[in-house]
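J.: coords please:
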Amino acid sequence: MKIVVIGGTGLVGSKLVSKLCEHGHEAVSASPNSGVNTLTGEGLADVLKRASVVVDVSNSPSFDEEVAMKFFNTATRNLIQCEQAAGVRHHVALSVVGTDRLAQKRPSDGPKTIRGYFRAKLAQEKLIAGSSIPYSIVHATQFFEFVKNIADSSSDGTTVRLAPVLIQPMAAEDVAAAVGRAAIGAPVNGIVEVAGPEQFHLDEFIRQGLRFRSDPRTVVADAAAGYFGVEVDDRTLVPGKDARLGEVRFQDWFVQSAKSVGGVTPVPTASVATTAH
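T.: Model prediction:
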């Protein structure tokens, strides 16, 4: 089965292409580097020839609402149009757990909030659901790989302020596996949630991640700090009870990551993570 992966050179896309090929599928990585541009439509018609499934794991180059809205609206419309012409039977897209909650505008939104980005993601999902092509949308929780990004967005000098709300992060490897299962399965015409096997409080997750990285910044629990400038509560960043859970635990992921780059294996203090049910 030919499966075209839009954004196939990225963190999740590259892993997904490898997994699909290992299982005997004709997985084609499509990105501007390979001459496929969803914003301009360049190369789309050719790459989608004979494709049964299209998986979109591409992302906006910016969290800015105007940029993100233009990216997701334009790219998704171009994809759907070319998929219809090519006879594609399943459109799979990667999105974020809590997109609908994070997209809700609040009066207190400041200039650095990423709420606009999630409004753009929600617009993308509505385009997919409104098309004639059967679809599956995979909602994933935050990736382990983005610990530093979260810390950087919440840093004030050497202090990182984060709301002590629940989060259930996962490894990009598990995200790729979940998207791959969706791609080779039947369309659900709805949303599938995936998450990691453990829940943390956001401040503790980042505290452990920085400790693993030998990052000297101090993490402070601050209920008013939010998440990338967005007000959140204990349910905003975690999935529902029917979520499919990945296998990789945070500490195991970091130990393996350190080994893969020849680093020193970290020895964290006792984890406060709890197994998710």
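
J.: neighbours around D152, how many?
T.: When neighbours are counted by other C-beta atoms under 10 Å, D152 registers 11. In this view, the C-beta of every residue, glycine as well, is placed from N, C-alpha and C.

J.: helix, strand, or coil at it?
T.: Under the three-state scheme (DSSP: H, G, I helix; E, B strand; the rest coil), D152 adopts helix.

J.: run through this structure and note the low-pLDDT ranges.
T.: Counting by pLDDT under 70, the low-confidence segments of the chain come to 105-112, 260-277.

J.: which SSE is V138 in?
T.: Assessed by DSSP states H and E, V138 sits inside strand 135-140.

J.: burial measure for K49, as a count.
T.: K49 has 12 neighbouring residues, counting by other C-beta under 10 Å.

J.: from here on, count from 243
T.: In the new count, where the first residue is 243, that last one comes out as K291.

J.: from S373, how far off is it?
T.: Counting by C-beta to C-beta, to the nearest Å, the gap from K291 to S373 is 19 Å.

J.: tell me the contacts of K261?
T.: 418-419, 422 (C-beta atoms under 8 Å, 6 or more residues apart in numbering).

J.: checking it next. Helix, strand or coil?
T.: Assigned with three-state DSSP, K261 falls in the helix class.

J.: related to what we said a few turns ago, nearest to P274 among the contacts of K261?
T.: Closest approach to P274 among these (C-beta to C-beta): A418, at 20.5 Å.

J.: so the closest one is in contact with K257, correct?
T.: Yes: the pair A418 / K257 is scored as a contact, 3.7 Å apart, by C-beta atoms under 8 Å.

J.: just among the contacts of K261, which is most surrounded?
T.: Going by other C-beta under 10 Å, G422 tops those with 26 neighbours.

J.: which residues sit against the top helix by length along the chain?
T.: If you go by DSSP state H, the chain has its longest helix at helix 307-328. Contact partners of helix 307-328, identified using C-beta under 8 Å, 6+ apart, comprise 248, 280-283, 286-287, 290-293, 296, 298, 300, 302-304, 333, 357-359, 361-363, 365-366, 369-370, 373-375.

J.: can you select the buried ones from those residues in PyMOL?
T.: With 16 or more other C-beta atoms under 10 Å as the criterion, this PyMOL line picks the buried residues out of the contacts of helix 307-328:
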select buried, resi 248+280+283+286+290+293+296+298+300+302+333+357+358+359+361+362+363+365+366+369+370+373+375
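
J.: so which of the contacts of helix 307-328 are in helices?
T.: 286-287, 357-359, 361-363, 365-366, 369-370.

J.: farthest-apart pair in those residues, please.
T.: Top of the distance list for the ones in helices among the contacts of helix 307-328 (C-beta to C-beta): A287 and R357, 35.1 Å.
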